[in-house]
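Asker: What follows is a predicted structure for the sequence shown.
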Amino acid sequence: MVAPGVQPGRGRPWSRRTASYVPAMPGTSRVVNACRLGMFVQAMVINLAPLLFVQLRGEFSLSWEQVGRLVLINFLTQLAVDLAGGWLVGRLGLRVLCVGAHVLAALGLVVFASAAAGGGYAVLVAGTMVFSAGCGLLEVLLSPILNAVPSTRKAGDMALLHAFYPLGKLAVILGTAGALWLAGPGVWAWIVVGWAVLPCLGAWWFAVVDIPPLVEGPQRQRLRDLLRLASCRGVLLAMLLAGASELAIAQWTSAFAQRGLGCSQVVADLLGFALFAVGMAAGRLWYGLRGNGADLTAMLLLGATGSAVVYLVAALSPWPLLALAACSCAGFAVSMLWPCTLSLAAAWWPMGGATLFAALAAAGDGGAALGPWLIGVVADSATIAASAWSWLPGGYGVEANGLRAGLLVGALAPLLLVVVSCWLRRQTPHEKLS
């Protein structure tokens, strides 16, 4: 069978597994690999600062709320860029935005590192805003570009793309932890500058690669029409809760292991943060390679339930080793929340175009901004947390109990996502748009 608009003998070779032809596009593998590098860069930039939370707090005399505020600023900046993403694509074009996103990521890292030379917290905030703008553009652009590449396994390809997020996270964890261990915490600024090389490479790659056009014109479903559907609003809510569920525990794992569980930075980064990334990569790689065709709403419900369990275990366990193990397992539990929600929206409304992906990115980044920040706010309420957790054995201090209370509040996001996932399983997404 030949797909509509595809001539026999052209496109990807026929196989019994797909039983169809897929239109070929010059440089398809190159643009897919460029998107994967972009996802790697996005993960590297977003997860670099949390590795330095304890170091920055000591060097600049910051509160936990100020540390968490950097995460809030990060994702609020991404949120603002997401909201403007559809408009920017129509005005500037994909290539300019893809190259510019990588340039902003590199520049922001350099500005962030310059705080060590003077300027303090204000420079950290400025650098965070610049590289977050680049990450926001990447969030808007990469998924719709990949979705525009001809393929018979869209959900699997989306999962593979997002597998490069935890791989980038794992690389920055291992590289940064190793450099800090070898050279000492005083060289953190030079480490940040060194990582800026990767977004420079990404900028060059997108400058030369062939980029497929996105769905535009009369074929595209308008976002304002989609928002009239209850199912679309439910998917956006799921995306917000998925962002909060994933990023809240991801951004605080290292600090929680160090201050909450008494681990050294090397142990916290390698056994907590790194294993989180390994679990996330394993989940997304498995789905990308083997799980294509699975029920997306069922996968979302399963991931939300597992995420709620690991949050509660990490917050309530009286044994530090079990709490650390829960943080490590959280990576696998949350691995499919973000890509499953994106794939669900792409499957239900394939003509949504860049504006639909921009709205999804905005919802996800909104949750990613609020979740980690709320944990920081609760962690600063140490007096209340200390009395609430006084029953725990093992000599936990006020600071440790504050972080545990923060994680308990963070568990609300996956618990609510369980409810939303059950509701989505009963929805009819293909309502007619009148």
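Answerer: Nice, I can see it.
Asker: Next secondary structure element downstream of the lowest-mean-pLDDT helix or strand in the chain?
Answerer: Lowest by mean pLDDT, DSSP states H and E among the helices and strands of the chain is helix 382-388, with a mean of 56. Sequence-wise, the next helix or strand downstream of helix 382-388 (DSSP states H and E) is helix 398-410.
Asker: so where is the stretch 301-434 of the chain shaky, pLDDT-wise?
Answerer: For the stretch 301-434 of the chain, residues meeting the criterion pLDDT under 70 lie at 382-400, 428-434.
Asker: ok, now with 90
Answerer: Scanning the stretch 301-434 of the chain for pLDDT under 90 picks out 311, 313-332, 335-336, 338-340, 342-411, 425-434.
Asker: for the stretch 1-150 of the chain, same thing?
Answerer: For the stretch 1-150 of the chain, the ranges with pLDDT under 90 are 1-32, 43-94, 115-121, 136, 139-141, 143-150.
Asker: What segments of it are helices?
Answerer: For the stretch 1-150 of the chain, the helices defined by DSSP state H, counting those that start in this stretch cover 28-51, 53-60, 64-92, 94-113, 120-148.
Asker: Minimum distance to residue 192: which of these has it?
Answerer: Judged by C-beta to C-beta, the one of the helices of the stretch 1-150 of the chain that comes nearest to residue 192 is helix 94-113, at 4.0 Å. From N, CA and C alone the C-beta is placed, and that goes for glycine too.
Asker: what about that closest one, distance to the chain center?
Answerer: Computed by C-alpha atoms, centre = their mean, to the nearest Å, the separation of helix 94-113 from the middle of its chain amounts to 17 Å.
Asker: Could you do stretch 298-305 as well?
Answerer: With C-alpha atoms, centre = their mean as the basis, stretch 298-305 stands 17 Å off its chain's centre.
Asker: wait, residue 190 sits on residue 113?
Answerer: Yes: counting by C-beta atoms under 8 Å, residue 190 sits close enough to residue 113 to count as a contact (7.3 Å).
Asker: Which one's more surrounded, these two?
Answerer: Taking neighbours as other C-beta atoms under 10 Å, residue 190 and residue 113 compare with residue 113 leading, 21 against 12.
Asker: can you redo the helices of the stretch 1-150 of the chain as CSV with distance to residue 340?
Answerer: What follows is the helices of the stretch 1-150 of the chain, written out as CSV (distance: least, C-beta to C-beta, whole Å):
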stretch, distance to residue 340
helix 28-51, 16
helix 53-60, 29
helix 64-92, 19
helix 94-113, 24
helix 120-148, 13
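Asker: Which one of these lies nearest to residue 241?
Answerer: Nearest of the helices of the stretch 1-150 of the chain to residue 241, taken as C-beta to C-beta: helix 64-92 at 14.0 Å.
Asker: how far off helix 398-410 does the closest one point, in degrees?
Answerer: Counting by axes from the mean of the first three to the mean of the last three C-alpha atoms, to 10 degrees, helix 64-92 lies at 40 degrees to helix 398-410.
Asker: In three-state terms, how would residue 214 be classified?
Answerer: What DSSP: H, G, I helix; E, B strand; the rest coil gives for residue 214 is coil.
Asker: Numbering from 8 from now on, please.
Answerer: Okay, using 8 as the starting number, the last item reads as residue 221.
Asker: which residues touch it?
Answerer: For residue 221, the contact set (C-beta atoms under 8 Å, 6 or more residues apart in numbering) comprises 96, 101, 151, 152, 155, 360, 361.
Asker: Just put those in CSV and tack on neighbour count and distance to residue 55.
Answerer: Output for the contacts of residue 221, formatted as CSV (neighbours: other C-beta atoms under 10 Å; distance: C-beta to C-beta, whole Å):
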residue, neighbour count, distance to residue 55
96, 23, 27
101, 19, 26
151, 27, 26
152, 25, 24
155, 18, 30
360, 24, 32
361, 27, 27
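Asker: Show me the one of the helices of the stretch 8-157 of the chain that comes nearest residue 326.
Answerer: Using C-beta to C-beta, the nearest of those to residue 326 is helix 60-67, at 22.5 Å.
Asker: then the closest one to CSV, C-alphas only?
Answerer: C-alpha atoms of helix 60-67 as CSV (Å, rounded to 0.1, in the frame of the first residue of the first chain):
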residue,chain,number,x,y,z
PHE,A,60,23.0,24.9,44.4
VAL,A,61,24.9,24.2,47.6
GLN,A,62,28.1,25.9,46.3
LEU,A,63,26.2,29.0,45.2
ARG,A,64,24.3,29.2,48.5
GLY,A,65,27.5,29.2,50.4
GLU,A,66,29.5,31.5,48.2
PHE,A,67,26.8,34.2,47.8
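Asker: Which elements pack onto that helix?
Answerer: Here helix 60-67 touches helix 71-99, helix 127-155, helix 237-262, going by 3 or more C-beta pairs under 8 Å, 6 or more residues apart in numbering; DSSP states H and E.
Asker: closest one to residue 314 among these?
Answerer: Ranking the helices and strands packed on helix 60-67 by proximity to residue 314 (C-beta to C-beta) places helix 237-262 first, at 4.9 Å.
Asker: tilt between the closest one and helix 35-58?
Answerer: Here helix 237-262 runs at an angle of 50 degrees relative to helix 35-58 (the same axes, to 10 degrees).
Asker: buried set for helix 237-262?
Answerer: Going by neighbour count (16 or more other C-beta atoms under 10 Å), the buried part of helix 237-262 is 238-239, 241-262.
Asker: Same check on stretch 78-96?
Answerer: Counting neighbours by 16+ other C-beta under 10 Å, one finds that the buried residues in stretch 78-96 are 78-90, 92-93, 95-96.
Asker: and if you look at stretch 169-184?
Answerer: Buried residues in stretch 169-184, defined by neighbour count with 16+ other C-beta under 10 Å: 169-180, 182-184.
Asker: now do stretch 40-59
Answerer: By 16+ other C-beta under 10 Å, the buried positions in stretch 40-59 come out as 41-59.
Asker: go on, stretch 343-359?
Answerer: Buried residues in stretch 343-359, counted by 16+ other C-beta under 10 Å: 343-353, 355-356, 359.
Asker: Let me have these in a markdown table, extended by secondary structure and distance to residue 372.
Answerer: Below are the buried residues of stretch 343-359 laid out as a markdown table (DSSP: H, G, I helix; E, B strand; the rest coil; distance: C-beta to C-beta, whole Å):
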| residue | secondary structure | distance to residue 372 |
| --- | --- | --- |
| 343 | coil | 18 |
| 344 | helix | 14 |
| 345 | helix | 11 |
| 346 | helix | 15 |
| 347 | helix | 17 |
| 348 | helix | 13 |
| 349 | helix | 13 |
| 350 | helix | 18 |
| 351 | helix | 18 |
| 352 | helix | 15 |
| 353 | helix | 18 |
| 355 | helix | 21 |
| 356 | coil | 20 |
| 359 | coil | 18 |
